[in-house]
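A.B. asks: based on what follows, work out the 3D shape:
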Amino acid sequence: MGLDRPRLTLRIAFAGNIALPEPPDGMRRALRQVLSAAVEQLLELAKAYRDSAARPVSSAYADQRPLLVLTTGLAEGADTEAAELWLALKEEMKERAELRLNAVLGCSVAQYRESRPPAHHAAFDRHLAECDHVLVLDGRYLKEKPPEKGADSALGKPWVDRGKPMRSRMYRAQSVYLLRQCDLLLAVADPAAEGGAGGTMETVRNAQQLGLPVTLVHTGTGAVQYVPPWQDLMALSATDLEQEQEMQLSSPLPLREWIERITGDPDMPDPGAAARADHEHGARLLRIYFSGEVRDRPSWRGRLYGRFERLFVQGSATAKDSELPGYRPYRQRAAQLGRYYTGLYRGAFLMNYALAVLAVLCAALSMLIIGKTHTELGEGVGVMFRVQEEISVRPERMGFGAAEALALLALGALKLFCLAAIIWNTWSANRNSWNALAVDFRYLAERLRTMHYLPRLGALRPPAASAPQYASRVLHQSATVWLAEALVRSIDPFGPGGALPLAGPRTNAPDVPAVIGLMRDHWLRVQLDYHARNRDAMGRMHRSLERLAIWLRRAVVALLAVDLVIIALYLLRMLDGSALLAINGAMPLLVGMAAFLPVLLASVGGIQYQSECERLHERSRIMHLVLGQRDKEAAELRARMARAGETDTDNGAWCLEALRIGEAIARDLVHEVTEWSVLYTKEVDEA
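C.D. replies: Okay, the predicted model is just below:
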């Protein structure tokens, strides 16, 4: 049975100013139009995506109503306006699309509610009850009242608000986590106004650093600006926004383009042949991934390479990932396919080199048989050394016997089979893109592995992989990236069966110390074990093949030296008849070895080149060091949290630092697998 296809999903984060002009009619009208446009444009794109001919990748979406999620901080002011408009849209669009309201709170629900003005409590309670999911962070809200005038301390020191660092840390965590729930940011603010820690403008700048597009609604004028990540937001002025207001609201084309770029086929505007080939490869990858056929057993090529690799691998895995049920079947499928096609690719090039060696061995044996039967070729070799006067050629030894003829026929047929098998094997590997599929599915598996851990910290947006800038030829992974992000958007780890602990109805509060322990004991331990085994195995493979190549080179040199000695002795007339007869008898063996050993040496070098064992050894060595440092950082953070609790110096919002470590681990691993694809941008060569 195949996997469920991803649902077309768009996640919008909202950040807005608390203080709004009176009346906020212009801002409210613009905000309603932007939210309505986002819903309508996603619905239009959903229709377009059903065309598999024009949209070979995005046609893989499930045939369901699109899902749109708006996540806010449930504060007063703009947050309240956005929530009210969204709930009205939810009722209006319930037959065509599913709209959800989520929230991120910087501290406990009770503390956060108490921190809001009493006039906002009713709206807060109503919107909280409408939320499908609420993420509650571990920040602390402490606000002390300043002393009355003349009530200075005994030491005469000015009063210090000790709760301000805690509040700043809490609001900053809320801002950071808000952006980990979305694909684009909708903000209501005045770009020229100063903001505090975790405020709207800081959230906008952070969104741009993450590469998220921003739709900005000006609080005073209601003007709308679509801000790409590369635009200098602070260069915008209210005048610029006013001039663009009419054009932007009447034709919100940039918003549609962003939504299409987020959810649609990768590189779709590119009409070139290369893009069409990428789309065809992507459509094939999706068919394989979502088919009911599960390749959980290696092919015979995979078993061939597996036996070869086991010559160098020692030990076995000691830890396993702690998987989340929502992501488990998708990652397992990607990992199964990655192993399957990796086995096909590696087994194919190993088979080619083995067949090449076998073919040359057949040729060498044929020459040996020919020479031993004193055929005209064998006698011709003797003529080269002028031994025909001393050798009485007996006619009865000319030609082949039945046994020799059958042997030569069998060796010739086997050699022909080897050559045909090499051609067929190479054609199959390159035509079916085994290498590209192996790289794609391994990349997908590693992207999804990060989602077994980041959602436990409350983050639903894995870090993006940066494209290697130093490689002139990199496997294009657009469809794989699209699939990874479509799955991440559509899977809800907090929903039914999500297996994440809930602090209350629809409320998730990450247990930061427990998650740090989980990341160390499972995520990091699995990767440290893997890279340690791979480092050692690839190192042993490289050293073994290198030693074999050295001995083969020495054998070729020795064989050449023997030939030179024979020629020198002959020229010096130091060989008698019996010696010449012996050389004549050994000549087929020498010629056969002269042909066989260089081919064997070339095959060993080819296996070293195709397997990239030396560079993979070095990469795993470096990755083991990098991940070991991440493990130390996680251990130190957990120790600091324990000390802060013991000394009553806990400022809260430890989730910020835990998220930094978790995202750093995810980036390290995703960058590693992205660069790994550069090493394996090879097709199978005909040996």
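A.B. asks: grab the nearest non-local neighbour of residue 575.
C.D. replies: Closest residue to residue 575 apart from its sequence neighbours, by CB to CB, 6 or more residues apart in numbering: residue 569 at 5.3 Å. Where C-beta positions appear, they are placed from N, C-alpha and C, glycine not excepted.
A.B. asks: return the residues in contact with residue 183.
C.D. replies: Contacts were defined as CB atoms under 8 Å, 6 or more residues apart in numbering; by that measure residue 183 touches 10-12, 212, 262, 461, 489.
A.B. asks: element containing residue 70, please.
C.D. replies: Using DSSP states H and E, residue 70 sits in strand 67-72.
A.B. asks: pull up the pairing partners for that strand, direction included.
C.D. replies: Neighbouring strands of strand 67-72 in its sheet, by DSSP bridges, are strand 9-16 (parallel), strand 98-105 (parallel).
A.B. asks: so which of those strands is the most surrounded?
C.D. replies: When the strands paired with strand 67-72 are scored by mean count of other CB atoms under 10 Å, the highest mean neighbour count falls to strand 9-16 (a mean of 25).
A.B. asks: alpha carbons only: can I get it in PDB?
C.D. replies: The C-alpha trace of strand 9-16 is given here as PDB (Å, rounded to 0.1, in the frame of the first residue of the first chain):
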ATOM      1  CA  THR A   9      -0.700  23.500   2.700                       C
ATOM      2  CA  LEU A  10       0.400  27.100   3.300                       C
ATOM      3  CA  ARG A  11       1.500  28.400   6.700                       C
ATOM      4  CA  ILE A  12       1.400  32.100   7.400                       C
ATOM      5  CA  ALA A  13       2.900  33.700  10.500                       C
ATOM      6  CA  PHE A  14       1.500  37.000  11.700                       C
ATOM      7  CA  ALA A  15       3.300  39.700  13.700                       C
ATOM      8  CA  GLY A  16       1.800  43.100  14.300                       C
END
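A.B. asks: number of residues surrounding residue 572?
C.D. replies: Using other CB atoms under 10 Å, residue 572 is surrounded by 8 other residues.
A.B. asks: typo on my end, residue 35
C.D. replies: 22.
A.B. asks: with residue 277 instead?
C.D. replies: 11.
A.B. asks: where does the stretch 351-500 of the chain dip in pLDDT?
C.D. replies: Along the stretch 351-500 of the chain, the model assigns pLDDT under 70 to residues 371-400, 465-477, 495-500.
A.B. asks: hang on, the earlier thing: next helix or strand past the strand holding residue 70?
C.D. replies: Counting by DSSP H and E, the next helix or strand C-terminal to strand 67-72 is helix 78-92.
A.B. asks: that next one vs strand 98-105, what angle?
C.D. replies: 160 degrees (axes from the mean of the first three to the mean of the last three CA atoms, to 10 degrees).
A.B. asks: now the helices for the stretch 351-500 of the chain?
C.D. replies: For the stretch 351-500 of the chain, the helices defined by DSSP state H, counting those that start in this stretch cover 376-384, 402-431, 434-449, 478-490.
A.B. asks: show me what the second one is packed up against.
C.D. replies: Read it as helix 402-431. Applying 3 or more CB pairs under 8 Å, 6 or more residues apart in numbering; DSSP states H and E, one finds that helix 402-431 contacts helix 328-372.
A.B. asks: ramachandran angles for residue 215?
C.D. replies: Main-chain dihedrals, residue 215, degrees, to the nearest 10: phi -110, psi 120.
A.B. asks: excluding its backbone neighbours, what's nearest residue 32?
C.D. replies: Nearest-residue entry for residue 32: residue 85, 5.2 Å, with adjacent residues in sequence omitted and distances by CB to CB, 6+ apart.
A.B. asks: can you confirm residue 161 is in a strand?
C.D. replies: No - per DSSP: H, G, I helix; E, B strand; the rest coil, residue 161 lies outside any strand segment and is coil.
A.B. asks: before we move on, back to that, could I get the contacts of residue 183 as JSON lines with distance to residue 61?
C.D. replies: As requested, these are exported to JSON lines (distance: CB to CB, whole Å):
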{"residue": "10", "distance to residue 61": "12"}
{"residue": "11", "distance to residue 61": "15"}
{"residue": "12", "distance to residue 61": "18"}
{"residue": "212", "distance to residue 61": "22"}
{"residue": "262", "distance to residue 61": "13"}
{"residue": "461", "distance to residue 61": "20"}
{"residue": "489", "distance to residue 61": "11"}
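A.B. asks: tell me the one among those nearest to residue 142.
C.D. replies: Lowest distance from residue 142 to those (CB to CB) belongs to residue 461, with 29.6 Å.
A.B. asks: go ahead and confirm that closest one touches residue 181.
C.D. replies: Yes - Residue 461 lies in contact with residue 181 (CB atoms under 8 Å); the separation is 6.9 Å.
A.B. asks: so is residue 575 in a helix, a strand, or just coil?
C.D. replies: Residue 575 - assigned by three-state DSSP - is coil.
A.B. asks: isn't it right next to residue 581, touching?
C.D. replies: No - counting by CB under 8 Å, residue 575 does not reach residue 581; the two are 9.8 Å apart.
A.B. asks: quickly find the element holding the closest residue to residue 230 other than its chain neighbours.
C.D. replies: Counting by CB to CB, 6+ apart, residue 230 lies nearest to residue 208, which is 8.0 Å off, once chain neighbours are set aside. When elements are assigned from DSSP H and E, residue 208 belongs to helix 200-209.
A.B. asks: fine by me, thanks again.
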